[in-house]
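*Asks:* need a structure here:
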Amino acid sequence: MRKLCFSVNLNRLREIKGDIVPVLFTEHQFDLIKRKFSGQTMSQSEKNEFSRSVSKKMKAINVMLIKENDGLFVYGSEYILQERLLLAKQYLKKLNRKFKNKHIIISGSFLYKQKYNDVDVFIVSKYLKDDYKDGEFHINYISESVYSSLFFESLRKLCVSNKKLEYRFIEKASLDKYVAMYQELFNDLHKKQKNTKGLKSVLREFLVYSSFVSKKPIPNSYQLKNQIESVLKIKKSQEAINKIFVSSIVVGFSENMLINAMDEMIKRYKQIMQEYKKHRRYYKEILKIFQEVKFIAS
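*Replies:* Next comes the predicted model:
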């Protein structure tokens, strides 16, 4: 099944069910939509049915709902505050004059939160420059190579752009990269500094990659904000992260690949535990997770 280039607000979908069933979708098709966008397991026949009939209709509806005004395109409008949408359009017109012939994207909490720190602005350019603040704008330079990245796949789902976003996501899942992300996050959480900007950044990247690895819809910035807050507000954040890691990695990679990789990690951490006995408890905790992954994959 091909990846969809848009997201669905499940709560809003349930609210409007009476308006679209059976006018646009049958009860069965509506159930397939819910299962698809909540990441539930679907049989091959259900996947085929979704791809053959449901997704095509959804894409057509999505095209009609993408708002184009004066060369501006809005994505994820159901999450955006109306007053911020009006402001974003004004800002884009202003930025278009400053950054002539550049692809400009406005995203981030400015679009959906009552309180925000700044307005995230992304400028696509051949020449990368350092980020900087210009009034309430946080200007970020990104290259065209970002279009095919996982970062952009999330960004594009909730933003206002001066160009239509039709770029194909082609990034491939990397087991080594995912394990490294988990190790970094495990270490940061172990320091018990939950409210640091660095930790939230690492957690955001981990959650996006977890969705990617486990073949779930990539979350937009609003959904990510809620996921991050949910993880950090509970006392046992580490346990929550462990569960996400284990459940995602066993879905995303082959058994042989996992067993070989986990054997290597287990061997490495046992050696480290012998060398750094003072931190034995810390290494034992993360070792236990790698052993769990190997057990499930075996």
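
*Asks:* out of everything not next to it in sequence, what's closest to Gly252?
*Replies:* Distance criterion CB to CB, 6 or more residues apart in numbering; nearest residue to Gly252, sequence neighbours excluded, is Val213 at 3.5 Å. Where C-beta positions appear, they are placed from N, C-alpha and C, glycine not excepted.

*Asks:* Could I get the contacting residues of the one you found?
*Replies:* Contacts for Val213 (CB atoms under 8 Å, 6 or more residues apart in numbering) come out as Ala173, Tyr178, Ser248, Ile249, Val251, Gly252, Phe253.

*Asks:* and the fifth one, how many neighbours?
*Replies:* Other residues near Val251 come to 14 when the count uses other CB atoms under 10 Å.

*Asks:* and if you look at the third one?
*Replies:* When counting by other CB under 10 Å, one arrives at 23 neighbours for Ser248.

*Asks:* just checking, next helix/strand downstream of the helix or strand bottoming out on mean pLDDT in the chain?
*Replies:* Least confident helix or strand of the chain, by mean pLDDT, DSSP states H and E, is strand 67-69 with a mean of 51. Remark: after strand 67-69, the chain's next helix or strand is strand 72-75, criterion DSSP states H and E.

*Asks:* can you tell me the average pLDDT over the longest helix seen in the chain?
*Replies:* Using DSSP state H, we find that the single longest helix of the chain is helix 255-275. Averaging pLDDT along helix 255-275 yields 95.

*Asks:* farthest pair in the contacts of Val213?
*Replies:* Maximum pairwise distance in these, criterion CB to CB, is 11.5 Å, between Tyr178 and Val251.

*Asks:* Might you report the residue contacts of Leu24?
*Replies:* Shown here is Leu24, whose contacts under the criterion CB under 8 Å, 6+ apart are Lys57, Ile61.

*Asks:* let's go with 7 Å and repeat that
*Replies:* Contact analysis of Leu24 by CB atoms under 7 Å, 6 or more residues apart in numbering lists Lys57.

*Asks:* ok, Ala294 touching Ala261?
*Replies:* Quick fix: residue 294 is Lys, not Ala. No. Using CB atoms under 7 Å, Lys294 is not in contact with Ala261; the gap is 8.8 Å.

*Asks:* For the stretch 151-298 of the chain, which segments are assigned as helices?
*Replies:* According to DSSP state H, counting those that start in this stretch, the stretch 151-298 of the chain carries its helices in the segments 175-190, 197-213, 221-233, 237-252, 255-275, 280-297.

*Asks:* For Ala88, which of those is the nearest?
*Replies:* helix 221-233 (13.4 Å).

*Asks:* Break the chain down into its domains, please.
*Replies:* With automatic domain parsing as the criterion, the domains of the chain are listed as 10-65, 67-161, 175-297.

*Asks:* nearest residue to Asn242 other than its sequence neighbours?
*Replies:* Nearest non-adjacent residue to Asn242, counting by CB to CB, 6+ apart: Ile289, 5.4 Å away.

*Asks:* Next one, pLDDT for that neighbour please.
*Replies:* For Ile289, the model assigns a pLDDT of 97.

*Asks:* who's in contact with it?
*Replies:* By CB under 7 Å, 6+ apart, the contact list for Ile289 reads Asn242, Phe245, Val246.

*Asks:* try 10 Å
*Replies:* Residues near Ile289 by CB atoms under 10 Å, 6 or more residues apart in numbering: Tyr182, Phe186, Gln238, Ile241, Asn242, Lys243, Phe245, Val246, Ile249, Met262, Met265.

*Asks:* How about Lys57?
*Replies:* Applying CB under 10 Å, 6+ apart to Lys57 gives the contacts Leu24, Phe25, Gln29, Ile33.

*Asks:* Show me what counts as buried in the stretch of helix or strand the last one belongs to.
*Replies:* With elements taken from DSSP H and E, the one containing Ile33 is helix 27-37. For helix 27-37, the neighbour count (16 or more other CB atoms under 10 Å) marks Gln29, Phe30, Leu32, Ile33, Lys36, Phe37 as buried.

*Asks:* Reformat those residues as CSV; add distance to Gly108 and pLDDT.
*Replies:* Shown next, in CSV, are the buried residues of helix 27-37 (distance: CB to CB, whole Å; pLDDT from 0 to 100):
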residue, distance to Gly108, pLDDT
Gln29, 34, 92
Phe30, 32, 91
Leu32, 32, 91
Ile33, 27, 90
Lys36, 27, 87
Phe37, 22, 82
